[in-house]
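K.L.:
coordinates for the following, if possible.
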Amino acid sequence: MMSGNDDNGAVTERILVVDDEPDIVALVAYHLARAGYGVSTASTGPEALAKARAESPALIVLDLMLPGMSGFDVIEKLRADPATANIAVLMLTARRDEPDRVRGLVLGADDYLTKPFSPQELTLRVGAILRRIRAPAAVQSDVIRVGAVRIDRAAHEVRVDGDLIDLTPTEYKLLLTLAERRGRVLARTLLLETVWEAAPDIQTRTVDMHVQRLRTKLGASGDMIETVRGFGYRINAAPPRSL
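P.N.:
Numbering: from 1, shown residues only. Prediction:
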């Protein structure tokens with residue numbers, strides 16, 4: 001990952017800002033720089049992809065309404081290229097329609113912000129996304145830790161603060177799927193395909209019911225499973241506690 005250095009020599013994370021409106025680019029770049037990030041800019045999709053490959057930024061702030069190549073196409077190409085597949089993406093959209101936001105999330109965006117937006121909120125969203133993707137989840141190959149939750153894939157067991165939690169096989173697979181994709185929003189349909197293997201008689205309501213039961217069994221740690229209204233769920237990858 002390419003980084004910059006601040007005046008004190010400290011390494012800073014690089015953010016790529018992509019928008020064809022110069023005023024928005026300048027505003028976003030100014031506030032991100034003030035927050036301590038190194039900032040690059042692009043005004044078209046092809047330029048954004050080229051800079052993403054060359055600079056490997058930690059995150060891309062991406063406008064969806066770009067000339068020639070849409071932000072949706074940019075996300076799709078980013079995720080298809082191993083060199084850029086893991087770069088986080090915050091979508092900027094002037095469209096308030098839910099299908100546009102859902103489409104971006106399905107393609108692999110990490111979050112979205114609707115124009116007009118507060119620069120302070122954008123900076124906070126960027127920080128939140130970077131904290132999620134920086135948080136170490138795997139302590140060893142067979143163990144995932146998210147907050148107080150410890151998932152042992154070899155033993156097929158889950159512990160919270162050291163206490164063994166009794167989960168059904170489906171609940172275990174649901175938790176594991178969310179934890180392995182920590183910080184990313186997973187659509188109910190994707191969870192159905194992954195956890196229930198898209199059984200034709202299973203409805204999306206089944207996902208909601210299992211999530212509710214899983215939250216209850218995890219106790220206070222169940223709050224880490226966040227509902228993304230109208231779309232699905234994600235697990236908030238808070239820094240792991242010592243177990």
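K.L.:
ok, which stretches of this structure are helices?
P.N.:
In the chain, the segments counted as helices under DSSP state H are 22-34, 45-55, 71-80, 98-107, 119-134, 169-180, 188-195, 204-218.
K.L.:
among those helices, which is nearest V61?
P.N.:
With CB to CB, the closest approach to V61 among the helices of the chain belongs to helix 22-34: 5.9 Å. Glycine gets a C-beta too; all of them are placed from N, C-alpha and C.
K.L.:
could I get the helices of the chain as TSV with mean pLDDT?
P.N.:
Output for those, formatted as TSV (pLDDT from 0 to 100):
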stretch	mean pLDDT
helix 22-34	93
helix 45-55	94
helix 71-80	91
helix 98-107	76
helix 119-134	85
helix 169-180	90
helix 188-195	80
helix 204-218	90
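K.L.:
tell me which residues in the single longest strand found in the chain are buried?
P.N.:
Selection of the longest strand in the chain by residue count, based on DSSP state E, yields strand 11-18. Neighbour counts over strand 11-18 (16 or more other CB atoms under 10 Å) mark 12-18 as buried.
K.L.:
please apply the same query to stretch 55-70.
P.N.:
Within stretch 55-70, judged by 16+ other CB under 10 Å, the buried ones are 55-66.
K.L.:
same question for stretch 148-162.
P.N.:
148-151, 153, 158-160.
K.L.:
taking the residues you listed one by one, which sit in strands?
P.N.:
Of the positions in these, 149-151, 158-160 sit in strands, assigned by DSSP E.
K.L.:
and the protein, what are its domains?
P.N.:
Listed by automatic domain parsing, the domain ranges of the chain are 3-134, 138-235.
K.L.:
burial check on the closest residue to D81 other than its chain neighbours, number of neighbours?
P.N.:
Closest residue in space to D81, ignoring its immediate chain neighbours: R53 at 7.2 Å, by CB to CB, 6 or more residues apart in numbering. Look at R53: counted by other CB atoms under 10 Å, it has 13 neighbours.
K.L.:
my guess is R53 contacts A83. True?
P.N.:
Yes - using CB atoms under 8 Å, R53 is in contact with A83, at 5.4 Å.
K.L.:
follow-up on the earlier one: and the ones in strands among the buried residues of stretch 148-162, which two are furthest apart?
P.N.:
Checked with CB to CB, these reach their widest spread between I151 and V160, with 10.2 Å between them.
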